[in-house]
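[1] Provided below are the primary sequence and the corresponding predicted coordinates.
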Amino acid sequence: MKFAPSSSSPLRAASSSSSLSLLPLLFLSFGGPLPSSFVLPSVEGCTTIAVGRLATIDGSVLSSHSNDGEGTTDPRLVLVPSSSWPSDSTRKIFYSPESYPRYVGYDRASIPIREYEPGRGDNPTVSFEPLCEIPQVRRTYRYMEETYGALNERQLGISESTCSGVFGAAPRGMDHPGYGAGRACLSIDALSQIAMERHSRARDAIVRRVPDDSFAVVPNAFIIREIDADDATNYMWSDSAFDVAEKLGWWSSSSGKKLDFTATYSDGEYSHKYYSGRRSWGVYRKFAPSLDLSAEYEEWRISDPYPFAARPDAKLCVEDVAMVMRSYYEDTPYSQAGNSSSKLNLLAGGPWKSPDHVAGDNSTPGIVGNWERTVGLYRTSDSYIAQSRSYLPDAAGGILWYGPYAAPYASYVPFAGGMTSLPRSATSGHHMRLDKTTLFWANRYVGNYARLKWIDTMREVKAFQGRMMGEFLELQSDVDALVVAALHRHRDISDPDYDSVSYERAVADAVDLYSDNAERTVSLTWDLADHLMFKYADGQIHSTPESPLGTHTPPRAYDARGSTVREAEVIDQPGYPNEWLEKVGYGDGPPPPPNCEELEWRCGHADDDNNNNNNEPHRTRTQSQSRTQQAQDDETEGGNLRGGGDEEGTNNEEMAEEEDGDDDNKGGADDDDNDDDDDEETTMMGEAWREYLAKKREAYEGGRSACKSRGDVAAALLSGGGRKECAAAAPDNNGNDDDDDDDDDDDPVKEDRKFVQDREDGTTDGVSAK
């Protein structure tokens, strides 16, 4: 926000630049002196793009604006009604704080504006007092505004981009450090509102016209260079631009040179080099890549690195402007987002390469540095694209594509200039109160959920934005057709059957479809937010095949005994990118468990080369080992490491039968049950066991725990009655819980091994495998 002193010319602004759509012009002038070091606290930067009618596919004039004002800027879209005023009334001018609430009072229209009424909602009960007053006109137009006037009922749109300047001003009666009491009456905020209230043509403003077949970008820096005083068609100016420069010795009228406005009055780029220029380059790169402009330059004022305007390589549309307003210089060396950002820094965006760098020099004292200033920005409170189509009636021709919250996460929702009211989803919603009925908070949730896993989530956000834009364009076409049809029915005002009320009602009904669309968009955006939370929560990835915005994953399928026949479509631990893990020192973490062979088998594993040769899981004993030796080892070690003692009657001959491949004793420990070994349960048990062995082998070889597979194996063996936890106390040889606090019993690694050996011996957790 910048202020200008009041003067005989009410449209004389301080160091700020605006583009007005109908005829794309850049609005600029300046006021009294201000130290170059002085910056008003609310200034954070905005990006403006203007596109002429011959540069668009459908003959529209487009003008975009982003309100990049950190976390307190008021993002609400408010409709200021048209008003009639007495002949002797004055227009009160108010201070524009830009943060919420940006205005409270009753003086902005002849009827109360609900969103600005004192005491309503979060508004304080005290109205703003005016800084000054100017004469009022008899009638003012209806228009939509956020921080600045945006689009009025006559299809006049305006977009603002605050620029640094060697001159500026402070609000009247307010003290600012290093400046003292301000004297200015008009800020660019108030000037944009006055323009909306009083004007229907962009030529009523100043200073340089964007050619109809071209586009221009204003990135928080002046872009007007030499002023051609002989070209009144494309230039308009204040005499003070020349007088002040000559008085201060910065330019001479006798030199024969044209005045370079940017070189004379700009204070350069905000914050750091490339703060403005990189954005210009980013837009030119997208719209006119054939120019092959460089991203590097010496200094903004000296280098004059980019043209004032240029023809696009292909004609543009609303979708193209929306795409650029969300851009992070992807696929360039300056990318801040996605895979291409690796060229800059593997750690800057985290494992999922998010561009949202929320900490900068102002919040990291002692650390000097800067992030690239991108067009898309997480701290944007709102942005919009004003569209003017002179070939349609004003009620439908002027469209404001409004995107509350940061553009990369928002959908641009259309509202027509002919609307006489706006839905609450657009007029409410700000940083100071959570309100889930608003577009702002729906988009803000999406943006914050998207950071859970930026690369993956943004694919879905972009797909959603694409679907919504397609639906919005279809709606716009339908509304246009309805308004044109109503116009044709009531074209001849002299017709005795002409009914202006019917015409106005038909138009109102048509444009009100945009309100219904906004409410539907809130609901769908919350569906997207819920989908992102569900699908990517806790690092998992849940498939949602039933719907692109689904919140349901089909669970595992199982047979009659509970054994899994189809896994759930969930990736439980998808992991981080390898390159990021290497950078953060993941490989320097704790090592894998010690190898039993290296520990001379003190962990209970037999030193038998057959285990490795057979590529089997680690086992305490092999089937070829004698039963006698096994018994001796059991006595020496104080118990059977496999968890099940020898049954009475078991002898070496029975063990030999196992070695010969006889399956009689492989199903369990009880001789009486041998006749049932070939039944269906044993077959299923065998299949589950083979599945378990495969998972166990894979887990051991990969250095992971194999506990995950136990639940399914136990369910298959015990028909759902088995133990599901990984490290529960193992039963003793009699099938009772062993509550001994022996460290070996509490060792989950040994218990895993014991589970393997129990299964080989025909028991699982002390229960017959049958």
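    Sure thing, it's come through. Numbering: from 1, shown residues only.

[2] number of residues surrounding residue 502?
    Taking other C-beta atoms under 10 Å as the criterion, the count of residues near residue 502 is 13. C-betas here are computed from N, CA, C, even on glycine.

[3] for residue 427, same thing?
    Residue 427 is surrounded by 18 other residues when neighbours are defined as other C-beta under 10 Å.

[4] the one 4 residues further on too?
    The local packing count at residue 431 equals 18, with neighbours defined by other C-beta under 10 Å.

[5] what's the answer for residue 292, then?
    By the criterion of other C-beta under 10 Å, residue 292 has 8 neighbours.

[6] any idea of the pLDDT on it?
    The model reports residue 292 with a pLDDT of 97.

[7] repeat for the one 3 residues further on
    At residue 295, the model reports a pLDDT of 96.

[8] what residues are up against the residue nearest to it when sequence neighbours are not counted?
    Leaving aside its chain neighbours, residue 295 sits nearest to residue 281 (4.7 Å; criterion: C-beta to C-beta, 6 or more residues apart in numbering). Listed by C-beta atoms under 8 Å, 6 or more residues apart in numbering, the contact partners of residue 281 are 293-295, 305-306.

[9] just the buried ones from those, in PyMOL syntax?
    To isolate the buried ones among those in PyMOL, judged by 16 or more other C-beta atoms under 10 Å, type:
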select buried, resi 293+295+305+306
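
[10] tell me the one among the contacts of residue 281 nearest to residue 239.
    Distance to residue 239, by C-beta to C-beta, is smallest for residue 306 among the contacts of residue 281, at 28.1 Å.

[11] go through this structure and flag its longest helix.
    As assigned by DSSP state H, the longest helix anywhere in the chain is helix 454-489.

[12] show me what that one is packed up against.
    Using 3 or more C-beta pairs under 8 Å, 6 or more residues apart in numbering; DSSP states H and E as the contact test, the elements touching helix 454-489 are helix 318-325, helix 394-397, strand 413-416, helix 439-450, helix 500-511, helix 513-536.

[13] any idea which of those scores lowest on pLDDT?
    Of all those, the minimum mean pLDDT falls on helix 500-511 (a mean of 90).

[14] now do the buried residues in that helix.
    In helix 500-511, residues buried by neighbour count (16+ other C-beta under 10 Å) are 503, 506-508, 510-511.

[15] just stretch 575-595 next, same as before
    Within stretch 575-595, the residues that count as buried by 16+ other C-beta under 10 Å are residue 580.

[16] need the mean per-residue confidence for it.
    Mean per-residue pLDDT for stretch 575-595: 89.

[17] excluding chain neighbours, what is closest to residue 570?
    residue 542 (5.4 Å).

[18] show me what contacts the one you found?
    Counting by C-beta under 8 Å, 6+ apart, residue 542 touches 534-536, 553, 569-570.

[19] give me phi/psi at it?
    When quoted as degrees, to the nearest 10, the phi and psi of residue 542 stand at phi -100, psi 130.

[20] below-threshold pLDDT in the stretch 551-700 of the chain: ranges please.
    For the stretch 551-700 of the chain, the stretches with pLDDT under 70 are 601, 604-686, 688-689, 692-693, 695-700.

[21] for residue 106, see how far away residue 119 is.
    Using C-beta to C-beta, to the nearest Å, residue 119 is found at 12 Å from residue 106.

[22] actually, residue 507.
    According to C-beta to C-beta, residue 507 and residue 106 sit 29 Å apart.

[23] what's the answer for residue 156, then?
    Between residue 156 and residue 106 the distance, using C-beta to C-beta, works out to 25 Å.

[24] between those two, which one's more packed in?
    Each of residue 156 and residue 106 had its neighbours counted (other C-beta under 10 Å), and the higher figure belongs to residue 156 (29 against 13).

[25] ok, that one touching residue 198?
    No: Residue 156 lies out of contact with residue 198 (C-beta atoms under 8 Å); the separation is 9.8 Å.

[26] list the residues that contact both of those two?
    Taking C-beta under 8 Å, 6+ apart as the contact criterion, the common neighbours of residue 156 and residue 198 are residue 141.

[27] ok, back up a step: confirm the residue nearest to residue 295 sits in a helix?
    Yes: with DSSP: H, G, I helix; E, B strand; the rest coil as the criterion, residue 281 is assigned to a helix.

[28] next one, pLDDT for it please.
    Each residue has a pLDDT score; the one for residue 281 is 98.

[29] equivalent analysis for residue 69, please.
    Turning to residue 69, the model gives it a pLDDT of 82.

[30] that one touches residue 97, doesn't it?
    No: Residue 69 is not in contact with residue 97 according to C-beta under 8 Å; the separation is 10.8 Å.

[31] between those two, which has more neighbouring residues?
    In this view residue 69 and residue 97 are compared by other C-beta under 10 Å, and residue 69 has more residues nearby, 23 against 19.

[32] and that one, backbone torsions?
    Geometry field for residue 69 lists phi and psi as phi -120, psi 30, criterion degrees, to the nearest 10.

[33] now swap in residue 572 and tell me
    Residue 572 has phi and psi values of phi -70, psi -40 when expressed as degrees, to the nearest 10.

[34] which residues touch it?
    For residue 572, the set of contacting residues under the criterion of C-beta under 8 Å, 6+ apart consists of residue 540.

[35] let me know the distance separating it from residue 451.
    Remark: distance between residue 572 and residue 451 (C-beta to C-beta) = 21 Å.

[36] also residue 471?
    Using C-beta to C-beta, we find residue 471 at a distance of 26 Å from residue 451.

[37] and the two? which has more neighbours close in?
    Of the pair residue 471 and residue 451, residue 451 is the one with more neighbours under other C-beta under 10 Å, namely 19 against 15.

[38] what count of nearby residues applies to the closest residue to residue 234 other than its chain neighbours?
    The shortest distance from residue 234 to any non-neighbouring residue, by C-beta to C-beta, 6+ apart, is to residue 209 (4.5 Å). Other residues near residue 209 come to 21 when the count uses other C-beta under 10 Å.

[39] surely residue 209 and residue 232 touch.
    No: with contacts defined as C-beta under 8 Å, residue 209 does not count as touching residue 232, sitting 10.4 Å away.

[40] so which residues of the stretch 501-650 of the chain form strands?
    Per DSSP state E, counting those that start in this stretch, the stretch 501-650 of the chain has strands spanning 541-542, 557-558, 564-566, 570-571. These are given in chain order.

[41] what packs against the longest one?
    In this structure, strand 564-566 makes packing contacts with strand 557-558, judged by 3+ C-beta pairs under 8 Å, 6+ apart.

[42] who does the strand it packs on pair up with?
    Using DSSP bridges, the strands paired with strand 557-558 in its sheet are strand 564-566 (antiparallel).

[43] buried residues, the strand it pairs with. List them.
    Using 16+ other C-beta under 10 Å as the test for burial, strand 564-566 gives residue 564.

[44] with stretch 136-155 instead?
    When burial is assessed from 16+ other C-beta under 10 Å, stretch 136-155 yields the following buried residues: 136-137, 140-155.

[45] show me the residues you listed that map onto strands.
    Members of the buried residues of stretch 136-155 lying in strands (criterion: DSSP state E): 140, 143-145, 149-152.
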